[in-house]
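Q: Compute the structure for the input listed below.
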Amino acid sequence: PRTYDFQGTVDLIGHNNPGSGNVLVGFEHQLLSNTGTSVLKNSGTINLKGGNNVIGIIIDTEGGHGQNQTINAGTINITSQNSVGIDYGYYASNAPKTDLTLGNINVDGTNNYGFRMRYYGDKSGGPTYYDSTNITGGGGTIKVGLNGGTKVIGVSIAQGASSGDPLSKITNLNIEVGGKNNIGFYRNPDSKAAGHNATDMTLNSTRLSGLKFHSSAEASVLVRSDKDEVILDRSFTGTDAISGIGEKNSLMQAGGTGTVTYTAASTANITAKEFYGMTAGNFAANAKDKTTGATATNHGKLEIDGDGSVAMAADTGNTINNDGQLKVTGKGATGIYNLGTFTQSGAAPKLEVDGEKSLGLYNKKGTMTLAGTATITGTKGSIGIFSNGGSITSSMGNNLTISSDDTGIGKGDTPGLGVYSAKGANVSIDGAQINVKGGSVGIAAVGKDGATGSTIHAHNSTLTYEGKGYAIYTADGGTIDITSSTVNLA
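A: This next block holds a predicted model:
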């Protein structure tokens, strides 16, 4: 093979106009007419040091060629803006025949990518553009935001193999996510219908050699999809358990019309404050900025220990599902936060919530359908179920148990309660077992949505209440039906 091996240090500084399409490229591996092997190797250091629109290494073609190698055996450092460490370009329709080794890439700065596979499906030869490309992490690590990078992405894939799993040509990615508002692996929505392979992308032990958070991670996520599905088949247990990180991080996020799925064989043990296990939607403050159509599904086992943490959350117009096991503990923890649609179904799904001032199920104008088992226990101001509009329908029977104990609650703190239906919500929890000690109310239906009053349907249930408030309370058009139920007053 013919090899060009760069062994020095190069500093690349782009222009200062983020709106410009001009690009500064460090090294271009342009493939044309070779019958042997062309090797572009970086054994040195490539610094994308400043400015905008800088690319460390770009691979493209000018015509027919043999198989080639592009190897990053050194280091690529990114501290510029709107830049890419290693990228694929498009000049001619011939698919690039190259074996790419990603190596070590440090992604910092703002709005940058470590490695990107862009969409070229609508161009001549575009649908099969990546079919002759093989990509490996090569024992290196893509480090995302560890040195102050914000809004940066480790690996971004808009297009991959033309059939089967688009990631079938990718092996041994190793991604570490730190910093603020960053993403480890991203299924990029920047594609059109033409030449687009919408098959699920699966991140398993073949595609991933490592995936973890750095201690500096804050409001960041390991895996996100904004179009089509990404399946994470990886456990985070033992020495791989998630701990010692910042706040507001997530395991998986579904945005746009994307779908994320955690497999049945996977377990994630997480100890972190304000950790959001799986989310769907963007939770934008302004309604006009909200996105709809995203789905997050848990088939596996998520166990989160951290104050203010949430097992699963859905924004308006988005969907979350659980047929696995969810457990969240901690002060102010929430099991399910739902503004869209939540369904718990399957053979033996399970939800456990425990903690001071915890909230089991929160529903705001959304729809919840519950099967399996839910055990919601809390202290000092905890709430079992709160539905602020919308509907909650349980087929769990006596497998839905709620316990709220205000023993030792601080003076002036808001007392706990069992089940609260407000603003015209319809809550059906037949067979539920509810135990409230010292709280303000056992079950309550208060308020209307227009002419529709709030309701609680709790036939064949058991309610035990001890306190100075109300076991059962209705006001402002609310109604409660506890036919054939048992009420114990202590």
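Q: Show me what I57 bridges to in the sheet.
A: F27, I86 (DSSP bridges).
Q: Assess the claim that it and G44 are in contact.
A: No. Contact criterion Cβ atoms under 8 Å: I57 and G44 do not qualify, at 11.9 Å. In short, each C-beta sits where N, CA and C put it, glycine included.
Q: So which of these two has more stuff around it?
A: Remark: of I57 and G44, I57 carries more neighbours, 26 against 16, as counted by other Cβ atoms under 10 Å.
Q: where does P127 land in three-state SS?
A: Look at P127: counting by DSSP: H, G, I helix; E, B strand; the rest coil, its state is helix.
Q: same check, this time on D226
A: strand.
Q: Count the neighbours of it for me.
A: As a burial measure, D226 scores 21 neighbours (other Cβ under 10 Å).
Q: in the stretch 1-150 of the chain, which spans are strands?
A: 2-6, 9-13, 24-31, 38-42, 45-50, 54-61, 68-72, 75-78, 84-88, 98-101, 104-107, 113-117, 133-136, 142-144 (DSSP state E, counting those that start in this stretch).
Q: which one of these lies closest to L351?
A: The closest of the strands of the stretch 1-150 of the chain to L351 is strand 142-144. By Cβ to Cβ, the value is 31.4 Å.
Q: ok, that closest one: who's next to it in the sheet?
A: strand 104-107 (parallel), strand 173-177 (parallel).
Q: Please name every helix or strand in contact with the helix or strand hosting T259.
A: Under the criterion of DSSP states H and E, T259 resides in strand 250-262. Counting contacts by 3 or more Cβ pairs under 8 Å, 6 or more residues apart in numbering; DSSP states H and E, strand 250-262 packs against strand 221-232, strand 267-271, strand 276-280, strand 295-298.
Q: let's see it at 10 Å
A: strand 183-187, strand 221-232, strand 267-271, strand 276-280, strand 295-298, strand 301-305, strand 310-314, strand 319-322 (3 or more Cβ pairs under 10 Å, 6 or more residues apart in numbering; DSSP states H and E).
Q: got the angle for that strand vs strand 183-187?
A: With axes from the mean of the first three to the mean of the last three Cα atoms, to 10 degrees as the basis, strand 250-262 and strand 183-187 are set at 30 degrees to each other.
Q: Now do strand 250-262 and strand 310-314, the angle between them.
A: 60 degrees.
Q: Could you tell me which strands sit next to strand 250-262 in the sheet, and their orientation?
A: Here, using DSSP bridges, strand 250-262 pairs with strand 221-232 (parallel), strand 276-280 (parallel), strand 295-298 (parallel).
Q: highest average neighbour count across the ones you listed?
A: strand 276-280 (a mean of 28; mean count of other Cβ atoms under 10 Å).
Q: by how many degrees do it and strand 301-305 diverge?
A: Using the same axes, to 10 degrees: strand 276-280 against strand 301-305 is 120 degrees.
Q: Strand 276-280: how far from the chain's middle?
A: On the basis of Cα atoms, centre = their mean, to the nearest Å, strand 276-280 sits 5 Å off its chain's mean C-alpha point.
Q: Could I get the average pLDDT for that strand?
A: For strand 276-280, the mean per-residue pLDDT is 98.
Q: what do you get for stretch 419-435?
A: Computed over stretch 419-435, the average pLDDT equals 98.
Q: what about it, start to end distance?
A: The first and last residues of stretch 419-435 sit 10 Å apart, counting by Cα to Cα, to the nearest Å.
Q: for stretch 133-142, same thing?
A: 19 Å.
Q: And stretch 197-206, by the same measure?
A: Start-to-end, stretch 197-206 (Cα to Cα) is 20 Å.
Q: Which positions in it come out as buried?
A: Across stretch 197-206, burial judged by 16 or more other Cβ atoms under 10 Å covers N197, T199, D200, M201, T202, L203.
Q: And stretch 311-327, by the same measure?
A: 311-327.
Q: again, but for stretch 177-186
A: Buried residues in stretch 177-186, counting neighbours by 16+ other Cβ under 10 Å, are found at V177, G178, G179, K180, N182, I183, G184, F185, Y186.
Q: Would you check which pair of these lies furthest apart?
A: Between any two of these (Cβ to Cβ), the greatest distance is 17.7 Å, for K180 and F185.
Q: quick one on the thing from earlier: save the strands paired with strand 250-262 as TSV, and put in distance to K151 too.
A: TSV is the format used below for these (distance: least, Cβ to Cβ, whole Å):
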stretch	distance to K151
strand 221-232	12
strand 276-280	17
strand 295-298	21
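Q: Could you point out which of those strands sits nearest S440?
A: With Cβ to Cβ as the criterion, S440 lies closest to strand 276-280 of the strands paired with strand 250-262, at 28.4 Å.
Q: Give me the angle between that closest one and strand 267-271.
A: Using the same axes, to 10 degrees: strand 276-280 against strand 267-271 is 120 degrees.
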